[in-house]
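K.L.:
Below are the sequence and a predicted model; questions follow.
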Amino acid sequence: MRSREAGSAPPGAVQALGLRRWWLDLSLRGKGLIVVAVPLIALLGITSANLVLQRDEASERTVSLAARDLDQAAAQVLADAVNGETGVRGYGMTGDPAFLDPYNLMLTRIAAERTSLRKDAVIAGVGRQQQAVDVTTGQELAELYQLRSAISYGGTSAPSLLAAVMAGKATMDRLRIQVAALVVGPTALVTVEHNRLTTLQTRIELLDLASLVLGLLTGLAGVALVTSGIARRLGAAGDNARRLGEGEPLEPAIYATDEIGRMTQSLFRAEALLVRRTSELTAARDTAMRATQAKNSFLSSTSHELRTPLNAILGFTQLLQLSELSDEDTDGVERILAAGRHLLALINELIDIARIESGDLDLSLEPVLVRPVIEETCRLMTPIAADRSIRIIRDCAHPALAVFADRQRLAQVLVNLISNAVKYNHKGGSITISCAEDGTGQVTVTVTDTGPGLAADDLERIFVPFERLGAERTAVEGTGIGLPLARALTEAMEGHLTVSSVLGQGAAFTASLTRAPDLIHVPAPSPAPRSPAAGPPAPAGAGLSILSIDDNPANLEVMARFLRGRPNARLLSVASGRAGLECAIREVPDVILLDLHLPDLQGDQVLNELKADATTAAIPVIVLSADASRGVIHRLLAGGAFAYLTKPIELAELGELLDTCAAARAQGQQPQPAIRTASA
């Protein structure tokens, strides 16, 4: 991997050539060594050269100083010898001992001066000349000593003294010549060494300046190498890593095989992998969405197909319930109704879960008073709880407490929670429904039961669809989708549903929703008393002509049998939308019962044409359909439908609507229904 061919660079890489190629491919350790070693080698070289020059300078300075000291020492030796000779001569001429003072002073210093001269001569390289001077100096000292002794003791004649003096003078002259010869070389050497020292000092200064410049250049070169080969590329790799994390395309990078290059290549490989995985995930998402759409379409069609036979089952069962039956038959009919309605509720819950998963659930989040919803739900569930001697306790002291929710779905959540508390409670137990603010802008509605409770491991399992924790093997009825639906509906209303429990003491389910500003609860007005002028209420279905537009023979048979109990009602039946329009214009019935799914026209098209025609525009149209979609219901009601009843139809509810239409017709008014739509 250290030497790839130029054509093997990954996508997004830029090739480099020559020395730069070598530098980029060099490992970070190698780059670091070079960046540190180059300035260090330059510094060591310059320092070594400087040390050599300084050593040469020290050596030359030592020689120069020795030559100067030699000159001084030779001059001092000669001067002391001359002073000693002069003193002895003066003593010989006068006999005065005072003249011997220079001589005596010479004797005290000459030994040290001769030693110093000898040392300096060795350093200056004139040891042979110094030896001659030293010998002559010794001879001169001996002659002066003999002359002083001869003068002091008087045992020498004048001619002899004169000869000794002349001999000493000759020795002194020879010493002068030797000293002069000795210092000629060192004197010249001092001049030469001075020039050489000046040259060496100039070289050292130049070398110091070169060291400073070279150090600066090598430092800049190191910075440039680090910047181009490491820092800049690391910055580019970091920026590309950020781009990869944010899903942006990577910037092209210099191709290299060092550690940074391999990291950069990994980023580009990660980008390619991410693109491939994103493409795969997109395809999987599209497949999942198509599957979800197919599932929703299947559930929708299944819902319609199941509701259609259920309409006949429940319709005929309700007709039987209105008949005179024995107690045993009445019990059987009630069991059929209960089972059919349970199946209908199961279908509705499955459809709701599918809508939530697909995001198609229609919700209208608005401020909703909590206590009225709790009270209505409790009134609905009290008979069911009473069958098992279970008390329902309401604890909601804040009458104006409100939440942002869909009122119908909030009631559905509470119904599911209370129903679950009833089913899994013990006989004679209790259920408490409380509401409160939690101090964080949330309102909690808690349903607490006195049942057996739940184990900690089961607190989340109960929210898995169809999971009943083994209750399916008991006599407790259920499907396992009530609690999952309650949680899904709560979350769809931007809240959350949690559970806490203690084994043997019961469970508490808490729905938290966003707090809304307080609302004033206005009770529904009581029905106004009938005016005496209005007369007695019209008989059920009095004088009503009813047009049923439905292509299902079973539905028509149910409707025909139901209206037999209303002798003043006249039923007209057609099986297509176009025939229904023609019959409506021709007969102008008092009420139209309209199915949405017809063989030629859709029910909403029939409704639009009925409302567009002046002849039929005022006729109340009651839509009967197995389609329980809230969007469809709202659209048809907004399009002019008098009411919308979902199949299977509750015949009692249909009877109330027909009574409303009959009463309004008897008074020459347009009917104002108390119920516009039945919940699915």
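P.N.:
Nice, I can see it. Numbers count the residues shown, from 1 in each chain.
K.L.:
use CA for all of it now, contacts and neighbours both
P.N.:
Noted.
K.L.:
ok, now how distant is the residue nearest to the spatial centre of the chain from V606?
P.N.:
Central residue of the chain (Cα atoms, centre = their mean): G245, 9.1 Å from the mean position. Note on G245: its distance to V606, by Cα to Cα, to the nearest Å, is 55 Å.
K.L.:
where does D56 land on pLDDT?
P.N.:
What the model reports as pLDDT for D56 is 71.
K.L.:
for F562, same thing?
P.N.:
84.
K.L.:
Give the buried residues for the helix or strand hosting it.
P.N.:
Element membership for F562 (DSSP states H and E) is helix 553-564. Neighbour-count burial for helix 553-564, counted by 16 or more other Cα atoms under 10 Å, picks out 554-556, 558-560, 562-563.
K.L.:
now swap in stretch 204-211 and tell me
P.N.:
Buried residues in stretch 204-211, counting neighbours by 16+ other Cα under 10 Å, are found at 204, 207-208, 211.
K.L.:
With stretch 143-155 instead?
P.N.:
143-145, 147-148, 150-151.
K.L.:
Would you mind putting these into CSV with pLDDT and secondary structure alongside?
P.N.:
Shown next, in CSV, are the buried residues of stretch 143-155 (pLDDT from 0 to 100; DSSP: H, G, I helix; E, B strand; the rest coil):
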residue, pLDDT, secondary structure
E143, 80, helix
L144, 80, helix
Y145, 81, helix
L147, 79, helix
R148, 80, helix
A150, 77, helix
I151, 78, helix
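K.L.:
Give the helix, strand or coil label for G504.
P.N.:
Classification of G504 using DSSP: H, G, I helix; E, B strand; the rest coil returns coil.
K.L.:
Return the backbone torsion pair for the closest residue to it other than its chain neighbours.
P.N.:
Leaving aside its sequence neighbours, G504 sits nearest to P452 (Cα to Cα, 6 or more residues apart in numbering; 4.5 Å). Per-residue torsions, P452: phi -70, psi -10 (degrees, to the nearest 10).
K.L.:
measure A167 to D173 for me?
P.N.:
Distance of A167 to D173, given as Cα to Cα: 10 Å.
K.L.:
for V502, same thing?
P.N.:
133 Å.
K.L.:
In the one helix or strand R243 maps to, which residues are buried?
P.N.:
Assessed by DSSP H and E, R243 sits inside helix 232-246. By 16+ other Cα under 10 Å, the buried positions in helix 232-246 come out as 233-234, 236-237, 240-241, 244.
K.L.:
you'd agree F99 is in a strand?
P.N.:
No. If the criterion is three-state DSSP, then F99 is helix and not within a strand.
K.L.:
mind starting the numbering at 34 from now?
P.N.:
Renumbered: residue one is now 34, and that last one reads F132.
K.L.:
Could I get the full set of helices for the stretch 484-633 of the chain?
P.N.:
For the stretch 484-633 of the chain, the helices defined by DSSP state H, counting those that start in this stretch occupy 515-525, 586-597, 610-620.
K.L.:
tell me which strands and helices the last one is in contact with?
P.N.:
Put plainly, it is helix 610-620. Judged by 3 or more Cα pairs under 8 Å, 6 or more residues apart in numbering; DSSP states H and E, helix 610-620 is in contact with strand 578-582, helix 636-645.
K.L.:
List the neighbouring strands of the very next helix or strand once past the longest one plus their orientation.
P.N.:
As assigned by DSSP H and E, the chain's next helix or strand after helix 636-645 is strand 654-658. The sheet places strand 654-658 alongside strand 624-628 (parallel), strand 676-679 (parallel), with pairing taken from DSSP bridges.
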